[in-house]
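Trainee: return atomic coordinates for the entry below.
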Amino acid sequence: MVASVFVAAALVSVHGPLQAAPLAAAVPGMLAIARCDAATHRIPNRLLAMTVIAFAVVALGAEIAEVRGARTALAMAGLWFGVLTLVHVLDPHLGPGDVKLGITLGLVLGWAAAVGGHGLAAAALTSAGAFVASCAATLIMESRSSASFVGTPFAPALVAATLLAAVGLGV
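Mentor: All right, here's what the predicted structure looks like:
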């Protein structure tokens with residue numbers, strides 16, 4: 001929970017309170033997803049749904065207050081979901097929970113890019129960087145562990161890379 005406060009504070013400091021509110025609303029769920037996947041190698045649908053709903057409700061309020069970010073967020077959610085679905089089809093080691101997590105990751109990065117004054121191209125490039133960084137982190141964790149690749153959770157690296165990228169988009 002302490003990590004949630006620090007990440008939310010960083011997002012608010014670089015994006016502003018109203019602009020960062022949807023991002024901050026998603027942080028506790030994202031960190032809980034990472035923790036759950038690390039411990040159990042599963043991502044519960046209820047946790048994913050709660051995180052997306054928290055983001056969506058606060059984002060709707062921000063949109064009503066004239067903060068524009070929904071189009072970019074939705075486009076990035078679709079992009080992340082599509083890319084992770086393709087990876088899952090090509091390599092089933094990426095679980096369906098990770099694919100569904102892509103929706104949340106795309107929403108967060110798309111919103112951060114939009115309220116940071118960046119366009120869809122910057123959001124897509126940042127997403128690509130976050131995906132590559134999370135793959136590298138997972139491979140490093142795998143090389144240092146005695147578990148097989150199937151046993152290495154991907155969500156912790158995805159969440160960490162996404163949150164760092166979301167803070168970076170506001171700078």
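Trainee: where does pLDDT dip in the protein?
Mentor: 1-3, 145-151, 171 (pLDDT under 70).
Trainee: dead centre of it: give me the residue that sits there.
Mentor: In the chain, the residue lying closest to the centroid (C-alpha atoms, centre = their mean) is residue 105, at 2.5 Å.
Trainee: show me what contacts the residue nearest to it when sequence neighbours are not counted?
Mentor: Computed as C-beta to C-beta, 6 or more residues apart in numbering, the closest residue to residue 105 that is not its neighbour in sequence is residue 162, at 4.6 Å. Placement of C-beta: from N, CA and C, glycine included. The contact partners of residue 162, taken as C-beta atoms under 8 Å, 6 or more residues apart in numbering, are 30, 105, 108, 109, 130, 134.
Trainee: the residues you listed in helices, which ones?
Mentor: Counting by DSSP state H, the contacts of residue 162 place 30, 105, 108, 109, 130, 134 in helices.
Trainee: ok, residue 71 touching residue 119?
Mentor: No: using C-beta atoms under 8 Å, residue 71 makes no contact with residue 119, being 10.6 Å away.
Trainee: so the residue nearest to residue 105: helix, strand or coil?
Mentor: Of the three states, residue 162 takes helix according to DSSP: H, G, I helix; E, B strand; the rest coil.
Trainee: that one and residue 79, how far apart?
Mentor: Using C-beta to C-beta, to the nearest Å, residue 162 is found at 13 Å from residue 79.
Trainee: repeat for residue 27
Mentor: For residue 27, the distance to residue 79 equals 21 Å [C-beta to C-beta].
Trainee: cool, and residue 58?
Mentor: For residue 58 relative to residue 79 (C-beta to C-beta), the value is 22 Å.
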